[in-house]
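S.K.: need coordinates for the following:
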Amino acid sequence: MESFSAEDCAHSIGAVYKGKKVGSFGVISVFSFHALKMLTSGERASIDYGVNVDLTTEVAVSGFIYLNKNLLFKHSTQVKIHSSRVQSLQPYADLVVVAAHCMYKEQIYMLSDYYTFALLSQYCEKALRFAEKMHAKLALKTALKLTHDITVDAFDADNALANRLGVSFRKMEINLMPEIGKNFDLPLKYPFCVVLKGLSEKIREDPNTRKSLPIALISTIRPRSINKFLAHVKRKGY
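M.R.: Numbering: from 1, shown residues only. You can find the predicted model right below:
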């Protein structure tokens with residue numbers, strides 16, 4: 001039986017490996033413009049040609065909608081990749097998406113998440129205002145506090161990133177949040193009580209999330225889904 005390779009290019013748009021452009025290795029190459037990828041397109045993958053290659057209908061996990069896609073993609077900008085233009089989230093919106101992904105979907109904070117927050121830390125106050133609209137304020141504050149605490153633990157408190165976050169924290173009252181933990185080895189698993197509080201707040205405040213809850217519950221209570229859910233909860237990394 002003849003076999004062939006399919007290339008997963010979801011997180012590598014525009015990259016080059018060993019002199020070849022990503023997307024030219026496999027017989028089939030698949031790119032993604034989902035909200036959690038490097039570049040996001042909203043309803044279209046290509047502004048120039050109006051092509052839609054992403055079939056994702058909602059930003060959700062097992063039917064549980066944790067971000068309003070229609071509102072999210074109103075906060076996008078255009079990025080040029082080679083000869084094409086695609087839509088990408090504004091930096092402050094990107095922070096909210098990553099924080100929501102950490103809290104509601106994975107319950108894990110990764111090294112890649114740290115770099116995202118560190119590199120986009122100047123947008124954190126604007127991100128908080130957007131998080132309020134998206135009903136994801138606790139998710140963002142949790143991720144920002146982790147970013148600050150990991151920075152202090154790794155580089156001491158007297159550095160530019162910790163100082164910048166500290167100033168924003170005092171304005172945003174993040175410094176009043178309880179400690180998440182003292183062990184900052186990454187990936188870092190969110191404590192169950194933090195996830196439970198985040199999900200409770202999300203369900204209480206977000207009408208789209210409440211509307212999706214029955215579908216998510218039906219999806220989860222199937223025997224196979226329960227085993228997958230328990231494995232997901234217990235895991236320490238991806």
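S.K.: show me the contacts for the spatially most central residue of the chain.
M.R.: Within the chain, one residue has its C-alpha closest to the average C-alpha position: by CA atoms, centre = their mean, that is residue 98, at 2.3 Å. Neighbouring residues of residue 98 by CB atoms under 8 Å, 6 or more residues apart in numbering: 36, 113, 116, 117, 143. In this view, the C-beta of every residue, glycine as well, is placed from N, C-alpha and C.
S.K.: filter the residues you listed down to the buried ones.
M.R.: Among these, those buried by neighbour count (16 or more other CB atoms under 10 Å) are 36, 113, 116, 117, 143.
S.K.: before we move on, the earlier item: pretty sure the residue nearest to the centre of the chain sits in a helix.
M.R.: Yes - counting by DSSP: H, G, I helix; E, B strand; the rest coil, residue 98 falls inside a helix.
S.K.: pLDDT value on it, please?
M.R.: According to the per-residue confidence, residue 98 scores 91 in pLDDT.
S.K.: max-length helix in this protein?
M.R.: Longest among the helix segments of the chain by residue count, using DSSP state H, is helix 137-155.
S.K.: what does whichever helix or strand comes after it rub up against?
M.R.: Counting by DSSP states H and E, the element after helix 137-155 in chain order, helix or strand, is helix 160-172. Among residues not part of helix 160-172, those counted as contacts by CB under 8 Å, 6+ apart are 118, 121-122, 124-125, 128, 141, 144-145, 147-148, 151-152, 155-157, 174-175.
S.K.: how about the helix or strand hosting residue 208: buried residues?
M.R.: Under the criterion DSSP H and E, the helix or strand holding residue 208 is helix 207-220. Of the residues in helix 207-220, those with enough neighbours to count as buried (16+ other CB under 10 Å) are 208, 209, 212, 216.
S.K.: reformat those residues as a markdown table; add distance to residue 65 and pLDDT.
M.R.: What follows is these, written out as a markdown table (distance: CB to CB, whole Å; pLDDT from 0 to 100):
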| residue | distance to residue 65 | pLDDT |
| --- | --- | --- |
| 208 | 5 | 93 |
| 209 | 6 | 94 |
| 212 | 4 | 92 |
| 216 | 8 | 84 |
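S.K.: quick check, nearest of those to residue 189?
M.R.: Nearest to residue 189 among the buried residues of helix 207-220, counting by CB to CB, is residue 216 at 21.5 Å.
S.K.: spell out the residue ranges of the helices in the protein.
M.R.: The residue ranges that make up the helices of the chain, judged by DSSP H, are 69-72, 91-100, 111-119, 124-133, 137-155, 160-172, 192-205, 207-220, 223-234.
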